[in-house]
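Enquirer: give me coordinates for this.
(one chain, ligands or ions: 3)
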Amino acid sequence: MSKKLVVLGIQWGDEGKGKIVDLLTERCDAVVRFQGGHNAGHTLVIEGQKTVLHLVPSGILRKNVQCMIGNGVVVAPDALIEELNALESAGCEPRQRLLISPGSPIILPSHVALDQARERARGKNAIGTTGRGIGPAYEDKAARRGIRFGELSDPDSCCERVGELLEYHNFLLTSRFGVDAIAPDDVFSEVHRWSQELAGLIGDVSNRVYEIHQDNGNVLFEGAQGTLLDIDQGTYPFVTSSNTTAGAAACGSGVGPLMMTTVMGIVKAYTTRVGAGPFPTELFDSDGDHLAKNGHEFGATTGRPRRCGWFDAVLARRACWINSVDSLCVTKLDVLDSLSDIKICTSYKLDGETIKQPPWDSRSLDRCVPNYESLPGWSESTVGARSLSELPREAKNFLSRLEELLDVPIDIVSTGPDREETMVLKNLF
Ligand code: GDP
Ligand code: IMO
Ligand code: MG
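Expert: Residues are numbered from 1 along each chain as shown. Ligands and ions are numbered 1, 2, ... in the order given. Okay, the predicted model is just below:
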């Protein structure tokens, strides 16, 4: 039977989704991005050669894989053109295999200006967004005034609609935020350029996935961000503006939920977060420095240092059932090498009480104190290990404990950034 696999992050993003999606697409006919935008930064390393993708699905380096951007993704045409050009310069031919849904909302320069103006106005309460216009573009979609990718096929009428929207954006920018307006003529000439460069990529993603399904093909749905950044289930308001959870894979690509056969959750062996918001297991000591340094924890999109902490099984367990995760991939196990003690948070203390489910609001989560269990670390290197038998006993015990706490089998373990530095314990196709 053909497989439809959802791959998503179950922490605050940057779990290593790009690496795993690239690995798994060896056996896929298509990969679909279903939410988020170029706030994502997905890193692929193949024989030492690094590629960072933001909008283009992580199957693009496999020659026979159809890549699709679903209607749930907000598309910044200028960023997309830049990414396609960079891929072409590196010898890849992305345009021949990329299809973009006409229903995807477009990110305009005024969305970027609004995102940044709002963040400045929030001052010390800033969310720490990537400043890419993601939130304002999703707002316009929900308010039913957004511009959609399919409109690029008729640039003149698209400019008319963009002009109307810019009037509203410029009112906000100048009167509400006291910053410069965006010149409409500049955007209109951009729209014509986008239309020339990208209109040929517009296609019916929903239908294409259905055709592949009818032909018994394998499709991978690639998540961006992570479950704890989900607009509904995450640490609101310190979240992104899309649903990052498994349900979004269906509505963000135009397929039914029963098409999915497996949901793989990707977790780092510890936790990181970029931007503001609660993070109960965050470390400010030498162990935190070890994780940041050995994990090279700097954002793939903004270059910001990532906050680092111990594995939080309270949040991860919840993330598993929210997504129907039935398969786990643990990444960056190697980053724990040479730590003498490794901690896992198994419950919180809040107002004198021990709780096993996180509180619903960010303010209370911020006050939660983690209760840890300690596991002995290992001194050998696990980098590049290809089978469980190559791992030290303590590393195997750590993985078994994660499986037990999350109640989901671990099918893949990653011990280095390269495609090859991976142990596949169960074939998912
Ligand atoms: P994504 O957003 O989930 O795709 O993850 P990012 O690409 O933003 O961040 C993950 C980072 O960790 C990238 O630099 C990867 O190359 C790197 N990485 C992925 N898996 C491993 C691993 O198992 N070990 C190490 N050391 N690095 C890894
Ligand atoms: P990938 O796909 C980590 C975070 C931002 C900020 C919040 C809102 O690489 O895992 P936004 O620009 O989306 O309005 O910012 O979400 N954020 C990410 N953090 N990885 C990502 O993507 C992220 N995309 C957004 O740092 O806290
Ligand atoms: Mg990333």
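
Enquirer: what residues does the stretch 251-400 of the chain put near ligand 2?
Expert: 274-275, 300 (CB under 6 Å from any ligand atom). The way it works is simple: take the backbone N, C-alpha and C, and place the C-beta from them, glycine included.

Enquirer: lowest-confidence entry in these?
Expert: In terms of pLDDT, the lowest of these is Ala300, showing 76.

Enquirer: confirm that that one sits in a helix.
Expert: No: secondary structure of Ala300 (DSSP: H, G, I helix; E, B strand; the rest coil): coil, not part of a helix.

Enquirer: who are the contact partners of Val6?
Expert: Residues near Val6 by CB atoms under 8 Å, 6 or more residues apart in numbering: 220-221, 223, 246, 249, 260, 262-264, 323.

Enquirer: just the ones of those in strands?
Expert: 220-221, 262-264 (DSSP state E).

Enquirer: are any of the residues you listed buried, and which?
Expert: 220-221, 262-264 (16 or more other CB atoms under 10 Å).

Enquirer: and those residues as CSV, adding pLDDT?
Expert: Putting these into CSV (pLDDT from 0 to 100) gives the following:
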residue, pLDDT
Leu220, 98
Phe221, 98
Thr262, 98
Val263, 98
Met264, 98
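
Enquirer: out of the residues you listed, who's nearest Asp185?
Expert: Phe221 (39.2 Å; CB to CB).

Enquirer: what's the neighbour count on the residue lying closest to the closest one once chain neighbours are set aside?
Expert: Distances taken as CB to CB, 6 or more residues apart in numbering place Ala249 nearest to Phe221, at 4.1 Å, with adjacent residues excluded. With neighbours defined by other CB atoms under 10 Å, the count for Ala249 comes to 31.

Enquirer: so what's Ala249 up against?
Expert: Per CB under 8 Å, 6+ apart, neighbours of Ala249: 6, 8, 32, 34, 221, 223, 255, 260.

Enquirer: again, 10 Å this time
Expert: Residues counted as contacts of Ala249 (CB atoms under 10 Å, 6 or more residues apart in numbering) are 4-8, 32-35, 70, 72, 220-223, 243, 255, 257, 259-260, 263, 323.

Enquirer: low pLDDT regions in the stretch 51-200 of the chain?
Expert: Of all residues in the stretch 51-200 of the chain, none has pLDDT under 70.

Enquirer: and the buried ones among the ones in strands among the contacts of Val6, which two are the farthest apart?
Expert: Leu220 and Val263 (11.4 Å).

Enquirer: overlap in contacts, those two.
Expert: 4-7, 249.

Enquirer: among these, which two are most distant?
Expert: Once CB to CB is applied, the shared contacts of Leu220 and Val263 give Lys4 and Val7 as the farthest pair, at 11.1 Å.

Enquirer: that's a strand at Val330, yeah?
Expert: Yes: assessed with three-state DSSP, Val330 lies in a strand.

Enquirer: just to revisit the earlier point, just the buried subset of the contacts of Ala249, written out for ChimeraX, thanks.
Expert: To isolate the buried ones among the contacts of Ala249 in ChimeraX, judged by 16+ other CB under 10 Å, type:
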select :4,5,6,7,8,32,33,34,35,70,72,220,221,222,223,243,255,259,260,263,323
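
Enquirer: what comes up buried for stretch 155-169?
Expert: Within stretch 155-169, judged by 16+ other CB under 10 Å, the buried ones are 155, 158-159, 161-162, 165-166, 169.

Enquirer: can you dump the C-alpha coordinates of stretch 86-105 into CSV?
Expert: The C-alpha coordinates for stretch 86-105 follow below in CSV (Å, rounded to 0.1, in the frame of the first residue of the first chain):
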residue,chain,number,x,y,z
ALA,A,86,20.2,30.1,-5.5
LEU,A,87,19.1,26.5,-6.2
GLU,A,88,19.6,27.0,-9.9
SER,A,89,23.1,28.4,-9.3
ALA,A,90,23.9,25.3,-7.3
GLY,A,91,23.0,23.1,-10.3
CYS,A,92,19.4,22.1,-9.2
GLU,A,93,16.4,22.6,-11.5
PRO,A,94,13.6,23.4,-9.1
ARG,A,95,11.2,25.1,-11.5
GLN,A,96,10.6,21.9,-13.4
ARG,A,97,9.3,20.1,-10.4
LEU,A,98,7.6,22.8,-8.3
LEU,A,99,3.9,23.4,-8.2
ILE,A,100,2.3,26.2,-6.2
SER,A,101,-1.4,26.3,-5.2
PRO,A,102,-3.3,29.3,-6.6
GLY,A,103,-4.9,29.5,-3.1
SER,A,104,-1.7,30.3,-1.3
PRO,A,105,-1.8,33.9,0.2
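
Enquirer: which helix in the chain runs the most residues?
Expert: Ranked by number of residues, the top helix in the chain under DSSP state H is helix 155-171.

Enquirer: which strands and helices sit next to that one?
Expert: helix 109-122, helix 134-142, helix 184-198 (3 or more CB pairs under 10 Å, 6 or more residues apart in numbering; DSSP states H and E).

Enquirer: picking that back up, need the buried ones among the ones in strands among the contacts of Val6 in CSV (columns: distance to ligand 3).
Expert: Putting these into CSV (distance: CB to the ion, whole Å) gives the following:
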residue, distance to ligand 3
Leu220, 17
Phe221, 17
Thr262, 22
Val263, 19
Met264, 17
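
Enquirer: export the residues you listed to TSV and append columns for distance to Ser379.
Expert: Converted to TSV, those look like this (distance: CB to CB, whole Å):
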residue	distance to Ser379
Leu220	37
Phe221	39
Thr262	35
Val263	35
Met264	31
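
Enquirer: quick one: which of those is nearest Leu108?
Expert: Phe221 (26.8 Å).

Enquirer: how about the secondary structure of Arg95?
Expert: Per three-state DSSP, Arg95 ends up helix.

Enquirer: contacting residues for it?
Expert: 84, 87-88, 197-198, 200-201.

Enquirer: ok so, going back, just the residues of the stretch 251-400 of the chain next to ligand 2 that are near ligand 1?
Expert: Ala300.

Enquirer: which one (most neighbours) among the residues of the stretch 251-400 of the chain next to ligand 2?
Expert: In these, the most neighbours by other CB under 10 Å go to Val274, 25 neighbours.

Enquirer: what would the helices and strands packed on helix 155-171 look like in a markdown table with distance to Val369 and mean neighbour count?
Expert: Formatted as a markdown table, the helices and strands packed on helix 155-171 follow (distance: least, CB to CB, whole Å; neighbours: other CB atoms under 10 Å):
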| stretch | distance to Val369 | mean neighbour count |
| --- | --- | --- |
| helix 109-122 | 27 | 19 |
| helix 134-142 | 31 | 22 |
| helix 184-198 | 49 | 16 |
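
Enquirer: tell me which of these sits nearest to ligand 3.
Expert: Smallest distance to ligand 3 across those (CB to the ion): 13.7 Å, for helix 134-142.
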